[in-house]
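Q: coordinates only, sequence not included:
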Ligand SMILES: O=C(O)C1=C[C@@H](OP(=O)(O)O)[C@@H](O)[C@H](O)C1
Ligand SMILES: C=C(OP(=O)(O)O)C(=O)O
């Protein structure tokens, strides 16, 4: 458990935070390195999710009848590897993960790949990992997939496409969720000179014939930056933080923070090509409505920010939250209510009626979800609280507790 029961008087300014590379971009770059060969990757994420993929890719080089890979809690690693392994002929793989990973659906991706000629079967429950994969030479060029459950299935297919003889036409069925992550995959493919056409519900990824891979500089993680936006939102007028390596012209959808946090009185400026400065300017909305279908990973940060600033909110577009590291809608309701907030949830929405004064000394449960710990910790600037299982943050942001010290937040780790 980590407890925040006191604060130092004034944080030393200027605060300079350097966050590690985006885990989403890193995991795409690692798969592309496997598919195209020879990518030179700078600022790779040090997150557990990326380390799981790095280790799995090392395992692919070993010689054994069945290669057994465990991806822990890492959703992108699970989905991207499933597609990659399906294309490695004459090799058998078993991919498993944490208990929660075995409850996160993968059927749309498995169905699409099997219809395409892959040989993937379920080792426990139909539709869920662990999976057994027999790699095949995949030669078709058309695939259809449901797009409203997780964009990761589609990114997984896009990433293996340059390896296929005729590239891949992907037909997206239903409404597209988390669309900016598909745009990110497209952008990273294009950086490697792979042509991608993305028109409404069709994606065509062209095959790579004479590709000469280049270096990739991974931008830092905007989802991790969201916790600093919350910390600045909870600070006094004029307080500012420099965050690197970030660029407002980003391929990460969560860069939408720049606009969203204007509503919470936070201004963002690009100070040089690698640094943004975020400043509290104190112009607040009293009630906000946001559709987060493009930025699901920001939902927890935004809900906690509203609670801390005493803002009522209506958040929609959240239908994927219940199949992430935990049922995030239920977890948010339970934990926000501990502070006195009143929360109503449906399948895809969350409504928060905030309270004037937060109930202090709450113990926040994290449900094996990094974003529960990451999102609730900034409230330490507003009230006294403790957070269970603080180690969960390493799924995406290993240096978080160190970085928080710069805000004058005093943390005590207890058992
Ligand atoms: O492609 C990616 O890197 C991701 C896509 C999103 O998942 P869904 O598409 O399942 O919403 C996001 O929540 C996840 O953290 C990372
Ligand atoms: C949902 C997340 O990750 P993944 O789906 O890759 O496990 C996340 O990081 O919030």
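A: Yes, it's here. The structure presented is a predicted model; accordingly, all values stated were derived computationally and were not measured. Ligands and ions are numbered 1, 2, ... in the order given.
Q: What residues does the stretch 201-350 of the chain have near ligand 2?
A: Residues of the stretch 201-350 of the chain found near ligand 2 (C-beta under 6 Å from any ligand atom) are 297, 324, 325. Where C-beta positions appear, they are placed from N, C-alpha and C, glycine not excepted.
Q: Could you check what's spatially nearest to the last one, not counting adjacent residues?
A: For residue 325, the nearest residue in space outside its immediate sequence neighbours is residue 369; the separation is 3.9 Å by C-beta to C-beta, 6 or more residues apart in numbering.
Q: show me the contacts for the one you found.
A: Contact partners of residue 369, counting by C-beta atoms under 8 Å, 6 or more residues apart in numbering, are 324, 325, 326, 328, 331, 392.
Q: Columns neighbour count on top of the residues you listed, output as a markdown table?
A: What follows is the contacts of residue 369, written out as a markdown table (neighbours: other C-beta atoms under 10 Å):
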| residue | neighbour count |
| --- | --- |
| 324 | 21 |
| 325 | 24 |
| 326 | 21 |
| 328 | 26 |
| 331 | 22 |
| 392 | 21 |
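Q: show me where pLDDT drops low in this structure?
A: 9, 210-211 (pLDDT under 70).
Q: before we move on, back to that, quick one: which of the residues of the stretch 201-350 of the chain next to ligand 2 is nearest to residue 100?
A: Lowest distance from residue 100 to these (C-beta to C-beta) belongs to residue 325, with 6.2 Å.
Q: ok, the closest one to residue 372 distance?
A: For residue 325, the distance to residue 372 (C-beta to C-beta, to the nearest Å) stands at 8 Å.
Q: that older thread, closest one of the contacts of residue 369 to residue 227?
A: residue 392 (13.5 Å).
Q: residue contacts, the closest one?
A: Taking C-beta under 8 Å, 6+ apart, we find residue 392 in contact with 366, 368, 369, 370, 372, 373.
Q: Helix, strand or coil: sort out it for me.
A: With DSSP: H, G, I helix; E, B strand; the rest coil as the basis, residue 392 sits in helix.
Q: Could you look up the SS state of residue 259?
A: Once three-state DSSP is applied, residue 259 turns out helix.
Q: Just give the number of residues close to residue 68.
A: 12 (other C-beta atoms under 10 Å).
Q: got the domain boundaries for the protein?
A: Under the assignment automatic domain parsing, the domains of the chain span 2-21+221-413, 23-217.
Q: wait, which of the ones you listed is closest to ligand 1?
A: If you check each of these against ligand 1 by C-beta to the nearest ligand atom, domain 23-217 wins as the nearest, at 3.1 Å.
Q: residues from the stretch 151-300 of the chain in reach of ligand 1?
A: With C-beta under 6 Å from any ligand atom as the criterion, the stretch 151-300 of the chain meets ligand 1 at residues 151, 152, 155, 177, 178, 181, 296, 297.
Q: Pull the number of nearby residues for residue 5.
A: Residue 5 - counted by other C-beta under 10 Å - has 13 other residues nearby.
Q: so what's it closest to, chain neighbours aside?
A: Going by C-beta to C-beta, 6+ apart, residue 5 has residue 384 as its nearest residue, at 4.9 Å.
Q: Hmm, residue 4 and the one you found touching each other?
A: Yes - using C-beta atoms under 8 Å, residue 384 is in contact with residue 4, at 6.5 Å.
Q: These two: which is more packed in?
A: Neighbour totals were compared for residue 384 and residue 4, and residue 4 leads with 21 against 16 (other C-beta under 10 Å).
Q: For that one, which residues count as its bridge partners?
A: Here residue 4 shows beta-bridge partners residue 385, assigned using DSSP bridges.
Q: Tell me the spacing between the residue nearest to residue 325 and ligand 2.
A: In this view, residue 369 and ligand 2 are 8 Å apart by C-beta to the nearest ligand atom, to the nearest Å.
Q: likewise residue 270?
A: Using C-beta to the nearest ligand atom, residue 270 is found at 25 Å from ligand 2.
Q: List the contacts of the nearest residue to residue 179 once chain neighbours are set aside.
A: Residue nearest to residue 179 in three dimensions, not counting chain neighbours: residue 294, with 5.7 Å by C-beta to C-beta, 6+ apart. Residue 294 makes contact with 178, 179, 180, 253, 256, 317, according to C-beta under 8 Å, 6+ apart.
Q: returning to that earlier point: looking at the residues of the stretch 151-300 of the chain next to ligand 1, which is nearest ligand 2?
A: Using C-beta to the nearest ligand atom, residue 297 comes nearest to ligand 2 of these, at 4.4 Å.
Q: and residue 69, backbone torsions?
A: Backbone geometry at residue 69, expressed as degrees, to the nearest 10, gives phi -120, psi 140.
Q: what's across from it in the sheet?
A: Assigned bridge partners for residue 69, using DSSP bridges, are residue 95.
Q: check contacts around it.
A: By C-beta under 8 Å, 6+ apart, residue 69 lies in contact with 56, 59, 81, 93, 94, 95, 96.
Q: Can you tell me which of those residues are buried?
A: 56, 81, 93, 94, 95, 96 (16 or more other C-beta atoms under 10 Å).
Q: In which helix or strand does the second one reside?
A: Meaning residue 81. helix 75-86 (DSSP states H and E).
Q: Helices of the stretch 1-150 of the chain, start to end?
A: Along the stretch 1-150 of the chain, counting by DSSP state H, counting those that start in this stretch, helices occupy 23-36, 48-59, 75-86, 107-115.
Q: Same list, these, but as JSON lines with distance to ligand 2 please.
A: Putting those into JSON lines (distance: least, C-beta to the nearest ligand atom, whole Å) gives the following:
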{"stretch": "helix 23-36", "distance to ligand 2": "7"}
{"stretch": "helix 48-59", "distance to ligand 2": "6"}
{"stretch": "helix 75-86", "distance to ligand 2": "3"}
{"stretch": "helix 107-115", "distance to ligand 2": "13"}
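Q: before we move on, back to that, from the contacts of residue 369, which single one is nearest residue 166?
A: Nearest member of those to residue 166, counting by C-beta to C-beta, is residue 324, at 34.4 Å.
Q: tally of neighbours for residue 137?
A: Neighbours around residue 137, by other C-beta under 10 Å: 11.
Q: State the distance from the residue nearest to it when sequence neighbours are not counted to residue 82.
A: Nearest non-adjacent residue to residue 137, counting by C-beta to C-beta, 6+ apart: residue 89, 4.9 Å away. For residue 89, the distance to residue 82 equals 16 Å [C-beta to C-beta].
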